[in-house]
Structures are given as C-alpha cells and as structure tokens.
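[1] generate a structure from the sequence data that follows.
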Amino acid sequence: MSQTTVQPQLSGAMFLFERPELINVQSHGELGIQAASRPFAFCSKVRAIPLTVSEIAEACRHYPVVFSSQEEWQPLAIVGLLDDVNLFVDEDGNWDPYAYVPGYVRRYPFGLAAETGGDRFAMVIDAAFEGLRRDAERKLFTDGQLSDFSRQAMEFTKTYEADRRLTEQVFKAVKDMNLLTGQTAQYTPSNAQTPQSFAQYWGVDEKKLAELSDEDFLKVRKLNVLPVLYSHLLSLGNWRNLILRRMRRFNMTETEAATVRRFS
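    Numbers count the residues shown, from 1 in each chain. Take a look at the predicted model:
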C-alpha cells in the first residue's frame, strides 16, 4: 500500500513577510540568496519593530522602547512618527549605520513557524524577497539537503525564537504587578511654553515601580527585569530624536514634524 507524504502548510500572517513559505526542496531547491539592492526596503513603511529582552539595553540608545499593550508586554522599538515611514531606513533602502538593527529585521528573509499546539518549528522564507534568485551563489539546498548557509540562518532564527520565548516568559511573570500605564509623549516647541502631545504608548509607571512591595521588587530583581525596565525608561528621551529625524527627512519645522501627517 502506497503512502502519500502530506506537506505541512503555513497559516496566518508574519509581520514584514509578504509571502511567507515553508522552506522545502521541492519549491526552493534551485534557489539561493543574494544581497538585495535595497536591503531594508521591506521594513521601510513601519513605525515599530519587535524587540526581545536581550536587545533592549542596546536599542534604548537609539529608539523609544515601549510596550504593545497592558495585556501583552511585547517590547517595541519605535522607528517612525505619525506616518508609516521608518525614519531609520533611507530612500536607498539602507538602515542608519550608526543605529542598532533589531534582530527581527536582521534575520529576514528567514523566520520560524511554530507547530500548532506543539514545540516543533519549521523554517520560513519570504518568497517575495528580491534577493531570492536561481542565479544566487548562496544556495538554500545542496544535494537535496539544507546548505551550510541555510543551516547558519536556521541557527540564528532558532536563537532569536528562544529569546522571543524568554521575553514572553519574563514579562508574563511580572504582568500581574500592573506596572504598565497608558502614557503620552509630549514636546515643547522652541519659543513656546505649552507642551504638545504627539504620541500615545504603553510604558512603565515610575511611581508604581518605586512603590513595589519588597516581595515583588525581589521577584523583579531575580528575574533580571530591572535593567530592562530602566533601559525602557531611559529610552523615552529618544522621542525628541525621532522628531528631529522627521524634520530632516521631510524638511519640516519642529512643530510640523510632531503634528503634521504627510500620508493618509
């Protein structure tokens, strides 16, 4: 009796992936990866990029680091204001060479898809990536097996996935402390006295953090979350840097950069 192997199917969407596909020799056996002419064009139209706990200390030097919601403490690096424009990616598709590039972006066009209800993972590639070509030197497969290049990419994505899961576990452990509050980013224009609001986000309430019980404070310290939370708080000084970036990108005044939406 013959048996038919059922190929696994990918369901759902992946952030920044236009056409995610499970890597397999039947579909991708002759393909490889070469450098894209505009390497970061795929993330040039977003305002935020996911982060993991291990990245926050570095990312806080360049971006406001906030959280997605009170229910899901997903750390985010804010890269744009008002419009869906990543202010760290220039018109040639290059990331600012002096700014930290989040791991979620660096692993592209690769990713991992989790098995529904299980712990197994499958490697994913964005089939829309412009560098996915037949004539590329770095092949995805060699003699029907994943190439060394693909295995290295898989190791990086597995490391990133482990860090992402750790991020979920760490913040889940402190979620019941209700440290997050809805907050508003404000700035005071030059020669003005009244601050103006330009962004809303979820952030750590410094007063609640300072008033943690000894038991909860010890729990946060043992989880090594304190450096992460303080890095987040320090990062909020970068809101003004985003305004300055927007001023330069679109030749705006300070007030326009914080209030005028260019694209609908």
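[2] so where's this protein shaky on pLDDT?
    For the chain, applying pLDDT under 70 flags the ranges 1-12, 115-119, 264.
[3] pull the longest helix from it.
    Counting residues, the longest helix in the chain under DSSP state H turns out to be helix 148-174.
[4] which positions in that helix come out as buried?
    For helix 148-174, burial by neighbour count (16 or more other C-beta atoms under 10 Å) applies to 149-150, 153-154, 157, 160-161, 164, 167, 170-171, 174. No exception for glycine: its C-beta is placed from N, CA and C like everyone else's.
[5] how about those in JSON lines, adding distance to R262?
    What follows is the buried residues of helix 148-174, written out as JSON lines (distance: C-beta to C-beta, whole Å):
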{"residue": "F149", "distance to R262": "40"}
{"residue": "S150", "distance to R262": "40"}
{"residue": "A153", "distance to R262": "36"}
{"residue": "M154", "distance to R262": "40"}
{"residue": "T157", "distance to R262": "35"}
{"residue": "Y160", "distance to R262": "33"}
{"residue": "E161", "distance to R262": "36"}
{"residue": "R164", "distance to R262": "33"}
{"residue": "T167", "distance to R262": "33"}
{"residue": "V170", "distance to R262": "37"}
{"residue": "F171", "distance to R262": "34"}
{"residue": "V174", "distance to R262": "38"}
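[6] rewinding a little: what packs against the longest helix of the chain?
    Secondary-structure packing of helix 148-174 (3 or more C-beta pairs under 8 Å, 6 or more residues apart in numbering; DSSP states H and E): helix 53-59, helix 103-106, strand 110-114, strand 121-126, helix 214-222.
[7] deepest of those, which one?
    Sort these by mean neighbour count, taking mean count of other C-beta atoms under 10 Å, and helix 53-59 sits at the top with a mean of 20.
[8] picking up where we left off before, partners of whatever helix or strand comes next after the longest helix of the chain, with directions?
    Toward the C-terminal end, the helix or strand that comes next after helix 148-174 (DSSP states H and E) is strand 180-187. Next to strand 180-187 in the sheet, as set by DSSP bridges, lie strand 196-204 (antiparallel).
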